[in-house]
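Quick one, fold the following:
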Amino acid sequence: MLVAAFVLQAIIARAAPLPEASPEDVGLSSGRLARLTATLTTAIESGELPGAVIMIARDGKLVYSQALGWQDKAANVRMREDAIFRIYSMTKPIVSVAAMTLVERGQLSLDDPVSKYIPAFSDMKVSVEPGGEAGTAQPVLVDARRPITVQDLLRHTSGLTYQMRGPQTEAKRLYKQANIFSQHWMLENFANALAALPLQHQPGTTWEYGHSTDILGRVVEVAAGMPLDRYLQQEVFDPLGMKDSAFRVAPDKQDRIAEPIPDKYTGKTPTLIDVRNPVTFFAGGHGLTSTAGDYLRFSQMLLGGGELDGVRVLGPKTVRYIASNHLDETISKGDDFIAGPGYGFGLGFATRLEYGQSNWPASIGEFYWGGYAGTYFWIDPEENLVVSYMSVEPLRRQHYRVLLRNLVYQSIIE
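Have a look, this model is predicted:
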């Protein structure tokens, strides 16, 4: 009986998220993909990387799927393909897609002021640093020149910021002082608290990574008339068969949560968000958990023009629109444009504008994003390629993203 149960669990865990094929069937090299496996295995054996799940699909076929290393090294649990990861900012593309489903239904418009859905965002103030537009020796508050729009939230031009990123400013100091994460907020409470704080920039002028998608999540709630978690389940997860994506990992799945290891160089273990207990704050910018397979299906839907397995989530024109650059020459990329050289930014995704400039290969029109704890994905329409990478390595996540890019693209031989 125990053996049968173990075999059944293994079969369930191995259920492929897409039809399978050999790499050579779709123009990739098995020998060259082995370099990816070997490189990550070396990193795991060195103690720098706990483990990873990597899935690569081309032409709609899963051609590479590896679970390497440890899911929970402290508990002596090896990585499995259906391990569940905290995806942090990879929540943002999912919430952005959810918002666009409302746009397609006429329940939301990109030029709507955010205050239409969250009245507290009326009459916003902007913090101006010394020597800025106000020409003062101390930070001052000035009126926002125009309202924040839904499009601003989607492309990160709202003026909202993160208090922990980039050069410290008066706006970020006030964010820290307000300690907005110190209580068990509902998303509504969080949005109202954030609206009481000044913006980092005038709306529509500067790309600034921050709480824009958290606020977008609240806009989705109001426009849809239901909590964000329920709307995502109804309009994204259920239609796409993303059975392991949620704001909280259910008790019967918690043995699949991937955990970090102590840092090889400092001995400190990263502190990550709690995903085991019930959630009341559905953070649209960082709160979801998912698997490599679930995110591969989400990515394949976008590559397929909004459709997967005969189920349509978005129209193809909408997908092309959100994956296009929405930062024109009047919008500054600011001091911390983490999309990187050669990229613009669409509606929830960084989008490739040049074959060169970046320190990794990709095609023009490729779009991507990643998460704080080490997760990453990209969609390359020119190559008909999607990649879903899950790991738990916050400190060197950028190193492994560049490595992954180079090793995946070198495996394409036709």
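
From here on, just use CA atoms for contacts and neighbour counts.
Will do.

quick one: Ser115 and Glu170, what's the gap?
From Ser115 across to Glu170, the span is 24 Å (CA to CA, to the nearest Å).

Tell me which stretches of the stretch 51-200 of the chain form helices.
For the stretch 51-200 of the chain, helices defined by DSSP state H, counting those that start in this stretch occupy the ranges 91-104, 150-155, 170-178, 187-195.

Could you single out the most deeply buried of those?
Among the helices of the stretch 51-200 of the chain, the stretch with the highest mean neighbour count (mean count of other CA atoms under 10 Å) is helix 150-155, at a mean of 27.

Not counting its own residues, what contacts that helix?
Residues outside helix 150-155 that contact it (CA atoms under 8 Å, 6 or more residues apart in numbering): 96, 109-114, 158, 203-204, 207, 212-213, 215-216, 326-327, 345-348.

same thing but at 7 Å, please
The contact list for helix 150-155, computed with CA atoms under 7 Å, 6 or more residues apart in numbering, reads 96, 110-114, 158, 204, 212-213, 216, 326, 345-348.

from these, which would you call buried?
In the contacts of helix 150-155, burial by neighbour count holds for 96, 113-114, 158, 204, 212-213, 216, 326, 345-348, counting by 16 or more other CA atoms under 10 Å.

Dump those into a markdown table; add pLDDT and distance to Leu288 as well.
What follows is the buried ones among the contacts of helix 150-155, written out as a markdown table (pLDDT from 0 to 100; distance: CA to CA, whole Å):
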| residue | pLDDT | distance to Leu288 |
| --- | --- | --- |
| Ser96 | 99 | 13 |
| Pro113 | 99 | 26 |
| Val114 | 99 | 23 |
| Ser158 | 99 | 22 |
| Gly204 | 98 | 27 |
| Ser212 | 98 | 16 |
| Thr213 | 99 | 13 |
| Leu216 | 99 | 15 |
| His326 | 99 | 25 |
| Phe345 | 99 | 22 |
| Gly346 | 99 | 21 |
| Leu347 | 99 | 19 |
| Gly348 | 98 | 15 |
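
tally of neighbours for Tyr265?
Residues within reach of Tyr265, counting by other CA atoms under 10 Å, total 8.

Am I right that it is in a helix?
No: Tyr265 is assigned coil when assessed by DSSP: H, G, I helix; E, B strand; the rest coil, not a helix.

Phi and psi next, for it.
With angles defined as degrees, to the nearest 10, Tyr265 sits at phi -100, psi -30.

Out of the helices of the stretch 51-200 of the chain, flag the one nearest Gly293.
When the helices of the stretch 51-200 of the chain are compared by CA to CA, helix 91-104 sits nearest Gly293, at 14.6 Å.

ok, residues contacting that closest one?
108-109, 154, 213, 217, 220, 232, 236, 284-288, 314, 347-349.

now these: which count as buried?
By neighbour count, with 16+ other CA under 10 Å, the contacts of helix 91-104 hold 108-109, 154, 213, 217, 220, 232, 236, 284-288, 314, 347-349 as buried.

which ones are touching the spatially most central residue of the chain?
Nearest residue to the geometric centre of the chain (CA atoms, centre = their mean): Met90, 1.4 Å. Met90 makes contact with 369-371, according to CA under 7 Å, 6+ apart.

So which of these wins on neighbours?
Among the contacts of Met90, Gly370 has more neighbours than the rest - 26 neighbours, counting by other CA under 10 Å.

what bridges to that residue?
Beta bridges link Gly370 to Tyr376, judged by DSSP bridges.

ok, now which ones touch it?
With CA under 7 Å, 6+ apart, Gly370 has these contacts: 89-90, 376-377.

which residues in the chain form strands?
51-58, 61-72, 77-78, 85-86, 125-128, 140-143, 289-290, 307-308, 311-312, 343-345, 350-352, 367-370, 376-380, 385-391 (DSSP state E).

Show me which helix runs longest in the chain.
helix 30-45 (DSSP state H).

how distant is it from the center of its chain?
The chain centroid and the centroid of helix 30-45 are separated by 25 Å under CA atoms, centre = their mean, to the nearest Å.

State the mean pLDDT of it.
In this model, helix 30-45 carries a mean pLDDT of 98.

Same question for stretch 186-199.
Averaged across stretch 186-199, pLDDT comes to 94.

hey, what's Thr149 bridged with?
Judged by DSSP bridges, the bridge partners of Thr149 are Pro113.

Contacts only, for it.
By CA under 7 Å, 6+ apart, the contact list for Thr149 reads 110-114.

cutoff 8 Å now
Thr149 sits next to 110-114, 158 when contact means CA under 8 Å, 6+ apart.

Tyr88 too?
Counting by CA under 8 Å, 6+ apart, Tyr88 touches 285-289, 371-373.

Could you measure from Asp72 over to Tyr343?
On the measure of CA to CA, Asp72 and Tyr343 end up 35 Å apart.

which other residues reach stretch 372-386?
With CA under 8 Å, 6+ apart, stretch 372-386 has contacts from 56-60, 86-90, 272, 295-296, 299-300, 302-303, 362-370, 387-394, 396-397, 401.

Need the distance between the two termini of that stretch.
End-to-end distance for stretch 372-386: 20 Å, by CA to CA.

Could you list the buried residues of that stretch?
372-381, 383-386.

quick check, distance from it to the centre of its chain.
11 Å.

same deal with stretch 364-372?
How far stretch 364-372 lies from its chain's middle: 9 Å, per CA atoms, centre = their mean.
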